[in-house]
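Engineer: starting from these lines, generate the structure:
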Amino acid sequence: MPELPEIAALALFLRERAVGRVVMSVDVAEISALKTFSPQPAELVGRRVSGVCRHGKWIDVTTAAAADCAPLHLVVHLARAGWLRWHDHVPETPVRLGRSPLALRVRFDDGSGFSLTEAGTRRRLAVHVVTSPQQVPAIATLGVEPLSPGFTVELLGELLAARRQQVKGLLRNQGTIAGIGNAYSDEILHAARLSPFTPTTSFDPARTAELYGAIVGVLREAVEAAAGRPADDLKDAKRRNLRVHCRTGLPCRGWDGIPCGDIVHEVAFADSSLQYCPTCQTGGHPLADRRRSRLLR
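Structural biologist: Predicted coordinates for the structure are as follows:
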């Protein structure tokens, strides 16, 4: 799933190419992706793109208001298997419902545009056309942006103490901290040398400060690595830079960039998995995998 660094890079990529362009057509290819019925996507036609920004894992394309109308926002969540593909020249082939991974296609006045696609059979990509992004419930309930001035070590301490849960769950909760998903929570916990199952109520000030530094450091590094890359390169760039996520069975690159000599382990769940290094994170003790045991150390 694209997370904060990739969504930030996609928003920047789109902003550099789409701002100032007039929307000439919006074609919906997957009805299930469209989560709103009014305003309709066709109402974006004729409007000029005035901005592109990010809310957590959401991309927000703002179109300038007509003389007697409010601005309209095309707000997109790519879910696990969605992606944004840029076209210098939008394909001329007609958009057909349910015939391909294509979910939505936008064309601008210079012939350029972008497509939203989703691989696989699970259709979770979401498109909203709204007059304010706050009309999207998942945006209205987002937690603090982890790279914003409002995210401080003191606030993190309050969030950790608010209720007892596993630290990985807190990092992935969009209502607590916006933009972090499965991949970067693994990377953050590896950098902080923490077990993903550490109880949030066990954090003292020193451990909280270490986690805070890991959150900000990992995300800033990933944002800087992704910024300026073409949309088609972002997925591969992300994979190359990961130290534990999706590296099960491979040598650990070390929380500090120095290989520790261990290999990356995995804990699998029904529809997801996490990766970690026993040497770096759990005192050398592998965590029990729910495929073989109900107990997690």
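
Engineer: can you list the weak-confidence ranges in the stretch 51-200 of the chain?
Structural biologist: 66-68, 99 (pLDDT under 70).

Engineer: now do the strands in it.
Structural biologist: 58-63, 72-77, 82-87, 102-108, 113-118, 126-130 (DSSP state E, counting those that start in this stretch).

Engineer: out of the ones you listed, nearest to residue 36?
Structural biologist: strand 126-130 (4.9 Å; C-beta to C-beta). For the C-beta atoms, the positions are set from N, CA and C on the backbone; glycine is no exception.

Engineer: now the closest one, how far from the centre of its chain.
Structural biologist: Relative to its chain's centre, strand 126-130 lies at 17 Å (C-alpha atoms, centre = their mean, to the nearest Å).

Engineer: list of residues touching it?
Structural biologist: 28, 33-36, 39-41, 43-44, 72-77, 79, 103-104, 116, 135-136 (C-beta atoms under 8 Å, 6 or more residues apart in numbering).

Engineer: which residue ranges form the helices in the stretch 151-297 of the chain?
Structural biologist: Assigned helices in the stretch 151-297 of the chain, in chain order: 153-162, 167-172, 182-191, 205-226, 234-241, 278-281 (criterion: DSSP state H, counting those that start in this stretch).

Engineer: out of the ones you listed, which is the most enclosed?
Structural biologist: helix 182-191 (a mean of 24; mean count of other C-beta atoms under 10 Å).

Engineer: list the contacts of that helix.
Structural biologist: Against helix 182-191 from outside (C-beta under 8 Å, 6+ apart): 1, 3-5, 167-168, 171-172, 180, 195-196, 211, 214-215, 217-219, 222, 238, 242-246, 255, 272, 274-277, 280-281.

Engineer: and the closest residue to residue 101 other than its chain neighbours, what does it touch?
Structural biologist: Nearest residue to residue 101, sequence neighbours excluded (C-beta to C-beta, 6 or more residues apart in numbering): residue 117, at 4.4 Å. Neighbour list for residue 117: 82-83, 85, 100-103 [criterion: C-beta under 8 Å, 6+ apart].

Engineer: let's see that with 6 Å instead.
Structural biologist: Applying C-beta atoms under 6 Å, 6 or more residues apart in numbering to residue 117 gives the contacts 83, 101-102.

Engineer: of these, closest to residue 259?
Structural biologist: Nearest to residue 259 among the contacts of residue 117, with distances taken as C-beta to C-beta, is residue 83, at 31.9 Å.

Engineer: what separates the closest residue in space to that closest one that isn't next to it in sequence from residue 84, distance-wise?
Structural biologist: Computed as C-beta to C-beta, 6+ apart, the closest residue to residue 83 that is not its neighbour in sequence is residue 117, at 5.5 Å. Applying C-beta to C-beta, to the nearest Å, the value for residue 117 to residue 84 is 8 Å.

Engineer: what do you get for residue 221?
Structural biologist: Distance from residue 221 to residue 84, by C-beta to C-beta: 23 Å.

Engineer: then residue 226?
Structural biologist: On the measure of C-beta to C-beta, residue 226 and residue 84 end up 13 Å apart.

Engineer: same thing with residue 283?
Structural biologist: For residue 283, the distance to residue 84 - C-beta to C-beta - is 42 Å.

Engineer: cool, and residue 267?
Structural biologist: 31 Å.

Engineer: ok, these two, which is more surrounded?
Structural biologist: Ranked by neighbour count (other C-beta atoms under 10 Å), residue 267 and residue 84 place residue 84 first, with 23 against 20.

Engineer: touching, the more buried one and residue 12? I think so.
Structural biologist: No. Applying C-beta atoms under 6 Å, one finds residue 84 not in contact with residue 12, separated by 11.9 Å.

Engineer: re the thing from before, buried subset of the contacts of residue 117 as a ChimeraX selection?
Structural biologist: Buried members of the contacts of residue 117, defined by 16 or more other C-beta atoms under 10 Å, are picked up in ChimeraX with:
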select :83,101,102
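
Engineer: want to throw the contacts of residue 117 into CSV with distance to residue 202?
Structural biologist: Output for the contacts of residue 117, formatted as CSV (distance: C-beta to C-beta, whole Å):
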residue, distance to residue 202
83, 38
101, 44
102, 47
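
Engineer: still on that earlier bit, are any of the contacts of strand 126-130 buried, and which?
Structural biologist: 28, 33-35, 39, 41, 43-44, 72-77, 79, 103-104, 116, 136.

Engineer: that older thread, so which of the strands of the stretch 51-200 of the chain gets nearest residue 250?
Structural biologist: strand 82-87 (25.0 Å).

Engineer: of all the helices of the stretch 151-297 of the chain, which lies closest to residue 23?
Structural biologist: helix 234-241 (23.9 Å).
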